[in-house]
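**Student:** Need a 3D model of the following:
(2 chains)
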Amino acid sequence: NAGVTQTPKFQVLKTGQSMTLQCAQDMNHEYMSWYRQDPGMGLRLIHYSVGAGITDQGEVPNGYNVSRSTTEDFPLRLLSAAPSQTSVYFCASGGVAGAEETQYFGPGTRLLVL
Amino acid sequence: AQSVTQPDIHITVSEGASLELRCNYSYGATPYLFWYVQSPGQGLQLLLKYFSGDTLVQGIKGFEAEFKRSQSSFNLRKPSVHWSDAAEYFCAVGATADSWGKLQFGAGTQVVVTP
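**Tutor:** Okay, the predicted model is just below:
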């Protein structure tokens, strides 16, 4: 298993550009999420999904879109990048929680918006 | 609204000494509590979780945490730290046992381990 993979690892954008951050998992997990991490603020939830075709907003959804057409993939789209979206983005996935289950995080995408 | 507070932004501890990281939460119902560790440049790894039952939870890497409902706390402890424990630690709360997708995180505590 590759676990949770994210691409790209690092990206520089200009204000107003759009891009898609890719996230994929090969563990057949139902739950997938996107978080952003900013210094001193921990991780904040952007969007999450409880299964293919089902998504919902988290704490900081503005400026981001998601879709979940397959169980494996959960891309995050920045429609018009702004400097405030400079951050490290983490994708996570998890199955039905239980004593033996855990949640897996990807390695992150570092985004710089100029 | 639920919230998670980690009062200590930064902790320095000597190798071999004990470590305790504080976490306080605010939530109306019984919370589901998690501790994660993030090594430099890495993603997050789950150390342990509390859903119900025994209030003392054992995790990986020799860590344990104790849930105290009366104090709304879920503090993380390790009896003897190793240099490899230097990392940032995050406490998180979820509304339900299967709320993997909707965790609320504290701001984190940076742990530095000195020789």
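
**Student:** Mind checking if the helix or strand hosting B:F74 is in reach of chain A?
**Tutor:** In this structure, B:F74 is located in strand B:73-78 according to DSSP states H and E. No. If you take C-beta under 8 Å from any C-beta of the partner chain as the test, strand B:73-78 misses chain A, and the best it gets is 14.9 Å. Placement of C-beta: from N, CA and C, glycine included.

**Student:** That strand: which residues count as buried?
**Tutor:** By 16 or more other C-beta atoms under 10 Å in any protein chain shown, the buried positions in strand B:73-78 come out as B:S73, B:F74, B:N75, B:L76, B:K78.

**Student:** and what of stretch B:59-78?
**Tutor:** So stretch B:59-78, judged by 16+ other C-beta under 10 Å, has buried residues B:G59, B:F63, B:E64, B:A65, B:E66, B:F67, B:S73, B:F74, B:N75, B:L76, B:K78.

**Student:** Centre of the chain to that stretch, how far?
**Tutor:** Averaging C-alpha positions (C-alpha atoms, centre = their mean, to the nearest Å) puts stretch B:59-78 7 Å from its chain's average.

**Student:** could I get the buried residues of stretch B:59-78 as a markdown table with distance to A:A52?
**Tutor:** Listed next are the buried residues of stretch B:59-78 as a markdown table, based on distance: C-beta to C-beta, whole Å:
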| residue | distance to A:A52 |
| --- | --- |
| B:G59 | 32 |
| B:F63 | 35 |
| B:E64 | 37 |
| B:A65 | 34 |
| B:E66 | 38 |
| B:F67 | 34 |
| B:S73 | 38 |
| B:F74 | 33 |
| B:N75 | 38 |
| B:L76 | 35 |
| B:K78 | 40 |
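
**Student:** Which of these sits closest to B:F90?
**Tutor:** B:F90 has its nearest neighbour among the buried residues of stretch B:59-78 in B:L76, at 10.1 Å by C-beta to C-beta.

**Student:** circling back: list of residues touching the next helix or strand after the strand holding B:F74?
**Tutor:** Counting by DSSP H and E, the element after strand B:73-78 in chain order, helix or strand, is strand B:87-94. Applying C-beta atoms under 8 Å, 6 or more residues apart in numbering or on different chains, the contact partners of strand B:87-94 are A:42-43, B:2, B:4, B:6, B:21, B:23, B:25, B:27, B:31-40, B:44, B:47, B:74, B:76, B:100, B:102-106, B:108-111.

**Student:** CA-only coordinates of strand B:87-94 in CSV, if you can.
**Tutor:** Extracted in CSV, the C-alpha atoms of strand B:87-94 (Å, rounded to 0.1, in the frame of the first residue of the first chain):
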residue,chain,number,x,y,z
ALA,B,87,8.5,17.0,17.2
GLU,B,88,5.3,18.9,17.3
TYR,B,89,2.3,17.4,19.1
PHE,B,90,-1.3,18.1,18.3
CYS,B,91,-4.4,17.3,20.4
ALA,B,92,-7.6,16.9,18.4
VAL,B,93,-11.3,16.4,19.2
GLY,B,94,-14.0,14.8,17.1
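
**Student:** what angle do that strand and strand B:73-78 make?
**Tutor:** Using axes from the mean of the first three to the mean of the last three C-alpha atoms, to 10 degrees, the inter-axis angle of strand B:87-94 relative to strand B:73-78 is 150 degrees.

**Student:** Check which helices and strands the helix or strand just after strand B:87-94 is in contact with.
**Tutor:** As assigned by DSSP H and E, the chain's next helix or strand after strand B:87-94 is strand B:104-105. Packed against strand B:104-105 by the contact rule (3 or more C-beta pairs under 8 Å, 6 or more residues apart in numbering or on different chains; DSSP states H and E) you find strand A:43-51, strand B:3-5, strand B:87-94.
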